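Undergrad: Sequence unavailable; structure follows:
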């Protein structure tokens, strides 16, 4: 892996994706910043691409795929905004000794808060009740009792990384039984582990999905899982839209195969199927899991800090597992 020591020579960095002030203003005059909001914009970097040594990817909708990364022969590091990094071709990066970083930890509690809030809002019909009040119907009759409640639920968490464990802590505080599914048992976690997702779905009535996106988890929550979850079933997705088979979910909600869903992510964001938007048993959020000022600022700063550490000759702060750092 190329050494990234800062010298008198200025270092060219690319900010790839929507502009983010902390990232754009976070570097000293030892760096030269270039910008490209979309993959199409990369074409105008033809005379500069060969000088770029680091890339800050500023949002998950920007795809740093193989063809994009191949434009930069001197690339050493890709610092990606967000804990998920399925939009960065980490296999290509590993093959070419490029380190990839993400922004874990700083968003863990925020996303766990949203997962818990989305679960309660879905079960207790908060959004539907809000519309009921605003319409004036409360002046004529009380809102009906909600079918859902935390009080008689058993939750299966799909994924037990940092955020999954933070969600588990919140459910513990609410005295809700928790089990989980992952490829292997999570170290230090006492909840019952189900290696088989279908078997876990049969054993619970609520799924909270918080696994990485990508080919390995595409449509992981499919028609068979939803059928196993059953007619009291509730699905909460704060992971990636690709993890849930969206059409299978729509069919399950329509047919009563499951009861309800709370979704912060979708298959083709920002497009959301009209069928989902029309349903009364679904709570929909515009991918706001980490979207508070304090958390997004911390994520932006970690992108900057990873790049600055690398080019100071130090190990990056949060490299992803697929691109281990060697020689530092």
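TA: Here it is on my side, so go on. Since the structure is predicted, the reported quantities are computational estimates derived from the model, not experimental observations.
Undergrad: Buried residues in stretch 53-72, which are they?
TA: Neighbour-count burial for stretch 53-72, counted by 16 or more other CB atoms under 10 Å, picks out 53-58, 60, 62-64, 68-69, 71-72. Just so you know, the C-beta spots here come from the backbone N, C-alpha and C atoms, and that holds for glycine as well.
Undergrad: Now the terminal residues of it, how far apart.
TA: End-to-end distance of stretch 53-72 (CA to CA, to the nearest Å): 8 Å.
Undergrad: average pLDDT across it?
TA: Regarding stretch 53-72, the rounded mean pLDDT is 94.
Undergrad: before we move on, what about stretch 32-41?
TA: Mean predicted confidence for stretch 32-41 is 93.
Undergrad: Ok, stretch 315-328 next?
TA: For stretch 315-328, the per-residue pLDDT averages 86.
Undergrad: can you offset everything so residue one is 24?
TA: Renumbered: residue one is now 24, and that last one reads stretch 338-351.
Undergrad: Tell me the buried residues in it?
TA: Neighbour count says stretch 338-351 has 339, 340, 341, 342, 343, 346 buried, by 16+ other CB under 10 Å.
Undergrad: how about these in JSON lines, adding distance to residue 327?
TA: Shown next, in JSON lines, are these (distance: CB to CB, whole Å):
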{"residue": "339", "distance to residue 327": "12"}
{"residue": "340", "distance to residue 327": "10"}
{"residue": "341", "distance to residue 327": "12"}
{"residue": "342", "distance to residue 327": "15"}
{"residue": "343", "distance to residue 327": "17"}
{"residue": "346", "distance to residue 327": "19"}
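Undergrad: Kindly indicate which of these lies nearest residue 255.
TA: Distance to residue 255 across the buried residues of stretch 338-351 (CB to CB) is lowest for residue 343, with 37.4 Å.
Undergrad: Relative to residue 329, how far out is the closest one?
TA: Going from residue 343 to residue 329 by CB to CB, to the nearest Å gives 11 Å.
Undergrad: what's the domain layout of this protein?
TA: 34-127+316-334, 131-307 (automatic domain parsing).
Undergrad: Poorly predicted segments of the stretch 224-351 of the chain, please.
TA: 350-351 (pLDDT under 70).
Undergrad: quick one: the helices in it?
TA: 246-252, 269-278, 297-301, 316-334 (DSSP state H, counting those that start in this stretch).
Undergrad: Same check on the stretch 74-223 of the chain?
TA: Under DSSP H, counting those that start in this stretch, the stretch 74-223 of the chain gives helices at 89-92, 113-118, 131-146, 149-157, 185-196, 220-226.
Undergrad: between residue 343 and residue 329, what contacts are shared?
TA: Listed as contacting both residue 343 and residue 329 by CB atoms under 8 Å, 6 or more residues apart in numbering are residue 124.
Undergrad: re earlier: with mean neighbour count added, can I get the helices of the stretch 224-351 of the chain in CSV?
TA: Compiled in CSV, the helices of the stretch 224-351 of the chain are given as follows (neighbours: other CB atoms under 10 Å):
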stretch, mean neighbour count
helix 246-252, 20
helix 269-278, 18
helix 297-301, 11
helix 316-334, 20
